[in-house]
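> Test case, fold it:
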Amino acid sequence: MAKFHFSMEKILQVKKKLEKQKQLELGKAMQALNEGRLRLESMEVHLYEANEDFKIKIGSGRVHHLEIKSAHERIRYYHESINEQKKEIQSLEAKVEQAKDVLKKALQERKIFESLKEKAYEAYIEQEKIDEAKQLDEIVSYKYRNS
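The predicted model follows:
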């Protein structure tokens with residue numbers, strides 16, 4: 001019995017490598033998204049703390065107008081940073097979705113080549129069965145003629 005050889009094996013191996021690469025890219029994109037979300041949470045905590053600090057200063061009574069202005073600037077800064085981070089998160093989410101789509105396509109391509117390989121193997125097995133049956137027929141007919 002001859003050894004099975006899939007003519008597109010190298011292409012299949014390339015497709016598998018590409019799929020692994022796309023999985024890594026998706027992982028990196030998801031990690032960047034998670035880090036962005038953590039930064040947003042941190043900024044929201046800082047904003048909350050700045051608001052609380054501002055309330056305490058206002059509630060204490062005698063506050064210099066420069067302290068109020070400074071606290072107000074700090075709060076405005078955190079609001080702007082949070083808005084920018086939300087935009088960044090939207091961008092990162094789009095990158096994650098794009099990476100998912102690319103991975104999905106790579107997965108489909110690999111599966112196509114694997115199914116082609118399975119069909120080629122099934123055809124190979126069928127051909128081997130036919131060849132084996134022919135060999136058995138030849139042996140039987142040879143023995144019948146010589147007896």
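> And whichever strand or helix holds residue 91, how far out from the chain middle?
In the assignment (DSSP states H and E), residue 91 maps to helix 65-146. Here helix 65-146 is found 8 Å from its chain centre; the criterion is CA atoms, centre = their mean, to the nearest Å.
> And that helix, what does it pack against?
helix 9-59 (3 or more CB pairs under 8 Å, 6 or more residues apart in numbering; DSSP states H and E). Backbone N, C-alpha and C define where each C-beta goes, glycine included.
> Compute the inter-axis angle for the helix it packs on and helix 65-146.
Helix 9-59 and helix 65-146 are oriented at 160 degrees to each other (axes from the mean of the first three to the mean of the last three CA atoms, to 10 degrees).
> What is helix 9-59 packed up against?
Packing partners of helix 9-59 (3+ CB pairs under 8 Å, 6+ apart): helix 65-146.
> Give me the mean pLDDT for the helix it packs on.
The average pLDDT within helix 65-146 is 92.
> For the most centrally placed residue in the chain, which non-adjacent residue is spatially closest?
For the chain, residue 26 is the residue whose C-alpha lies nearest the centre (CA atoms, centre = their mean; 2.9 Å). Once flanking residues are discounted, residue 26 sits nearest to residue 99: 4.2 Å by CB to CB, 6 or more residues apart in numbering.
> How much space separates that neighbour from residue 110?
Noted for residue 99: a distance of 16 Å to residue 110, by CB to CB, to the nearest Å.
> Repeat that for residue 66.
The gap separating residue 66 from residue 110 is 64 Å, by CB to CB.
> out of these two, which sits in the busier spot?
residue 110 (20 against 8; other CB atoms under 10 Å).
> List the contacts of the residue lying closest to that one once chain neighbours are set aside.
Counting by CB to CB, 6+ apart, residue 15 is the residue found nearest to residue 110 once chain neighbours are left out, at 4.3 Å. Going by CB atoms under 8 Å, 6 or more residues apart in numbering, residue 15 touches 106, 109, 110, 113.
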